[in-house]
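1. When you get a sec, could you give me coordinates for this:
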Amino acid sequence: MTGWFRAEGPSPTVQTQTQSQAQAQAATVPVAQLAVPVAAQPASHEDSYYAQLRSRIRWVGTRIGDRELLTPDASSRVLLARSAAERAGLNEVGLSFKDVYGIINAETSWIPRMGASKDGTPNLGLAQFEPATARALGLRNPNDPVEAIHVAALHMKDAAEWSANRIAGLKLGADERAQKLREGVSIFYNLSTKGRNRWNGTNTARLPIETRLHIRNAATGAQVAAQLAHQLDTRQASSGFTLAGG
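-> Predicted coordinates for the structure are as follows:
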């Protein structure tokens, strides 16, 4: 789960869910390279919930250089982040949907794609899970943005607990502790076990530049999420409809 890039602004093209998923995969790598075998089984409550969420996602076109890709629109991003944060119980560890939005912003700028770690290991989908990490976390299809972001939120909960333990002995004010907690979440998400265990809460400036960028871009994404959520909630209040997990 490494790497970051800034996408250019999205085009106004809106796709259906089926079209968008197929085109997003085709625009990055062949589907066969990304396929994750899933055993056939009856639909669970979770599967039904994910299916309902997928039906509400709207995709828009965006361009990176001369590549045309797809990204969830603003309301879909907030919807996914809120749902994932609520179901993972991120409030129990001092995080919120804004942090989910921020981590995905840092990973892929909300554009599903295939990346790679420094050792060449592929990083898949919206949340950039390595195949082994995806299996360990029970993520069946890293290229399914709905499932991936919900598993990412659960991973972030583990990350926050790890981060809180790393900074437990530091004398910090409430705001500084919250900031350090979030630094640790990015570090846990971005680095290997060996790399993350070098962090002691005070040596962030000595981390790899990619990790420091991840921290910065996660924070920027969280700020964007707060602004978007306020705008969307204000706009939708008159209709009586509220995005999940507010």
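2. From here on, just use CA atoms for contacts and neighbour counts.
-> Noted.
3. Helices along this protein, start to end?
-> 17-28, 31-34, 45-54, 74-88, 97-108, 131-136, 145-166, 174-190, 193-196, 209-237 (DSSP state H).
4. Name the stretch among the ones you listed that sits most buried.
-> Mean neighbour counts were compared across these using mean count of other Cα atoms under 10 Å; the top stretch is helix 97-108, at a mean of 28.
5. By average pLDDT, which secondary structure element in the chain comes out worst?
-> For the chain, using mean pLDDT, DSSP states H and E, the weakest element among its helices and strands is helix 31-34, scoring a mean of 35.
6. Enumerate every residue touching the residue positioned nearest the centre of the chain.
-> When Cα atoms, centre = their mean is applied to the chain, the residue found nearest the centroid is residue 104 (2.9 Å). Residue 104 sits next to 110, 126-127, 218 when contact means Cα atoms under 8 Å, 6 or more residues apart in numbering.
7. And the furthest pair within those?
-> Every pair in those was compared (Cα to Cα); the two farthest apart turn out to be 126 and 218, at 14.2 Å.
8. Would you agree residue 191 is in contact with residue 212?
-> No: the pair residue 191 / residue 212 is not scored as a contact, 11.0 Å apart, by Cα atoms under 8 Å.
9. Identify the residues contacting the residue located most distally from the centre of the chain.
-> In the chain, the greatest distance from the average C-alpha position (Cα atoms, centre = their mean) is reached by residue 171, at 30.2 Å. By Cα under 8 Å, 6+ apart, residue 171 lies in contact with nothing.
10. mind running it again at 10 Å?
-> residue 177 (Cα atoms under 10 Å, 6 or more residues apart in numbering).
11. With residue 202 as the reference, measure out to it.
-> Between residue 171 and residue 202 the computed distance is 11 Å (Cα to Cα, to the nearest Å).
12. swap in residue 211?
-> According to Cα to Cα, residue 211 and residue 202 sit 15 Å apart.
13. Also residue 193?
-> Relative to residue 202, and taking Cα to Cα, residue 193 is found at 18 Å.
14. again with residue 121
-> Relative to residue 202, residue 121 is positioned 30 Å away (criterion: Cα to Cα).
15. Please apply the same query to residue 48.
-> According to Cα to Cα, residue 48 stands 44 Å off from residue 202.
16. same question, residue 78
-> From residue 78 across to residue 202, the span is 32 Å (Cα to Cα).
17. Tell me where this structure is predicted with low confidence.
-> Within the chain, the ranges that satisfy pLDDT under 70 run 1-43, 238, 240-246.
18. make it 50
-> Counting by pLDDT under 50, the chain contains low-confidence ranges at 2-40, 246.
19. I'd like to know how far residue 142 sits from residue 230.
-> Applying Cα to Cα, the value for residue 142 to residue 230 is 29 Å.
20. Tell me, how many residues neighbour residue 208?
-> The local packing count at residue 208 equals 12, with neighbours defined by other Cα atoms under 10 Å.
21. got a list of what it touches?
-> When the contact criterion is Cα under 10 Å, 6+ apart, the partners of residue 208 are 191, 195, 214.
22. just those residues now: which is nearest residue 86?
-> Of all those, residue 214 has the smallest distance to residue 86: 23.1 Å, by Cα to Cα.
23. ok, that closest one touching residue 107?
-> Yes: judged on Cα atoms under 10 Å, residue 214 makes contact with residue 107 at a distance of 7.3 Å.
24. Give me the distance between residue 63 and residue 70.
-> 8 Å.
25. Also residue 162?
-> Using Cα to Cα, which is the criterion applied here, residue 162 is 33 Å from residue 70.
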